[in-house]
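> model this:
(one chain, ligands or ions: 1)
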Amino acid sequence: MGVSVVTALAGSQAAATDASAAAGNGGNPGRAPIVVYIAGSGRSGSTLLERALGEIPGFVNVGELIDLYRRTVEHGERCGCGHAFTECPFWSRVGDRAFGGWQEQKLTATHRLQGKVARQRRMPRLLAMPLAGRRFRADVAAYGASYASLYGAISAEAGAACVVDASKWPVQALALARAGLDVRVIHLVRDVRGVAYSLGKRDVSRPHAVAEADVMSRLSPAEAAARWVAVQSQAGVLRRCGLPASPAHLAHLGDGRVVLGTSHGLSGNPSRFRDGEITLRADETWRERMSRRDRLIVTAIALPLMLRYGIPAAGSPAKKQEAHD
Ligand SMILES: [Zn+2]
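Presented below is the predicted three-dimensional model:
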């Protein structure tokens, strides 16, 4: 697929110390978990990345948690373990622990807060938090408190100190960080042409997707490129940090393969249902099938960021890449 993982190193020393200590203890009751948040565009391979991270000792992956409130419960979507969300034993225990069960009232309240604080248009206000009104700050705090309960329950149930959340929306990571949660961002970047080609096809796996940053109806090349640029720019303002993982913790990753166990990832690509040894194959269909005109449109819009990320504008023939979804 042509995925590159950009992990900037701001504050990496402290982060490395925290996370390696946390990774070794297999759960840390009484201490808030570290949230490892994957930010980036849709159709970037985040499902595979979050599952690979979830195999690291002391880590647990939960898929795109942002969808929990806006559609997973409502539409009865399936968990990565194969059960319906409401029938998954893991999520039942998490719901009991966090909220005394998945009561509709509480889900609705958090969903409403999501609409107030975790929308793209709220990004400027979140960035200038001290200047925001008291009401907005209270909403951010309440939203963060709900997620803190959720992450805490996940961490306790999984016995993991690091929770990997592949929600992707940069504004969500910012809102949670502003509420005081310990959020470590991985900015995932896929070649914009692969993303645009994929978004130009209808996604039959996600018929219910409705939210503003993730509308899965077909997008024109220009729309897809503009969205890609917006998401990368927003992710670019988040403070990122390196994650420590010793080679011993990465035994599940090999040359062109990854070994994955069952996980309870929500939402995301249908590959979340597959486990065992998985051969990694680049999804580079766009190189063969995307028209020259569409490539030119997408490249024209995204060129400055492509150059920044080292993505060759020429769109050379497919090379060996690291990941697919
Ligand atoms: Zn499950």
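> ok, the closest residue in space to residue 313 that isn't next to it in sequence to residue 292 distance?
In space, and not counting its chain neighbours, residue 313 is closest to residue 299: 5.4 Å by C-beta to C-beta, 6 or more residues apart in numbering. No exception for glycine: its C-beta is placed from N, CA and C like everyone else's. Separation of residue 299 from residue 292 (C-beta to C-beta, to the nearest Å): 10 Å.
> Please say which of these two ends up with more neighbours.
residue 299 (19 against 8; other C-beta atoms under 10 Å).
> tell me which residues of the helix or strand the more buried one falls within are tucked away?
In this structure, residue 299 sits in helix 292-309 according to DSSP states H and E. The neighbour-count check on helix 292-309 (16 or more other C-beta atoms under 10 Å) flags 294, 295, 297, 298, 299, 301, 302, 305, 306, 309 as buried.
> Next: stretch 96-114.
Here stretch 96-114 shows 97, 98, 99, 102, 106, 107, 110, 111, 113, 114 as buried, counting by 16+ other C-beta under 10 Å.
> Quick check: mean pLDDT of it?
For stretch 96-114, mean pLDDT is 92.
> picking up where we left off before, residues that sit against both of residue 299 and residue 292, list them.
The contact sets of residue 299 and residue 292 do not overlap (C-beta atoms under 8 Å, 6 or more residues apart in numbering).
> Enumerate the residues of the stretch 51-200 of the chain near the ion.
Proximity of the stretch 51-200 of the chain to the ion, by C-beta under 5 Å from the ion, involves residues 79, 81, 88, 90.
> Please repeat the previous calculation with a cut-off of 8 Å.
79, 80, 81, 82, 83, 85, 88, 89, 90, 91 (C-beta under 8 Å from the ion).
> Output stretch 184-195 as CSV - backbone C-alpha positions only.
The C-alpha coordinates for stretch 184-195 follow below in CSV (Å, rounded to 0.1, in the frame of the first residue of the first chain):
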residue,chain,number,x,y,z
ARG,A,184,0.9,9.8,22.1
VAL,A,185,0.2,10.3,18.4
ILE,A,186,1.5,8.2,15.4
HIS,A,187,0.9,10.1,12.2
LEU,A,188,0.3,7.5,9.5
VAL,A,189,0.7,8.7,5.9
ARG,A,190,-0.2,6.8,2.8
ASP,A,191,0.4,8.0,-0.7
VAL,A,192,-2.4,10.4,-1.6
ARG,A,193,-3.0,8.7,-4.9
GLY,A,194,-3.6,5.4,-3.3
VAL,A,195,-6.0,7.0,-0.8
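> Residue 37: what's it in contact with?
For residue 37, the contact set (C-beta under 8 Å, 6+ apart) comprises 165, 167, 172, 173, 176, 183, 184, 185, 186.
> Roughly how far does it sit from residue 66?
10 Å.
> shared neighbours of those two, which are they?
Between them, residue 37 and residue 66 share the contacting residues 165, 167, 172, judged by C-beta under 8 Å, 6+ apart.
> What is the nearest of those residues to residue 143?
Set against residue 143, the nearest of the shared contacts of residue 37 and residue 66 by C-beta to C-beta is residue 172 (9.5 Å).
> Please name the nearest non-neighbouring residue to the residue in the stretch 201-325 of the chain that the ion sits nearest to.
The ion sits closest to residue 264 of the stretch 201-325 of the chain, with a gap of 3.6 Å, by C-beta to the ion. Closest residue to residue 264 apart from its sequence neighbours, by C-beta to C-beta, 6+ apart: residue 90 at 4.6 Å.
> Sweet, I'm off.
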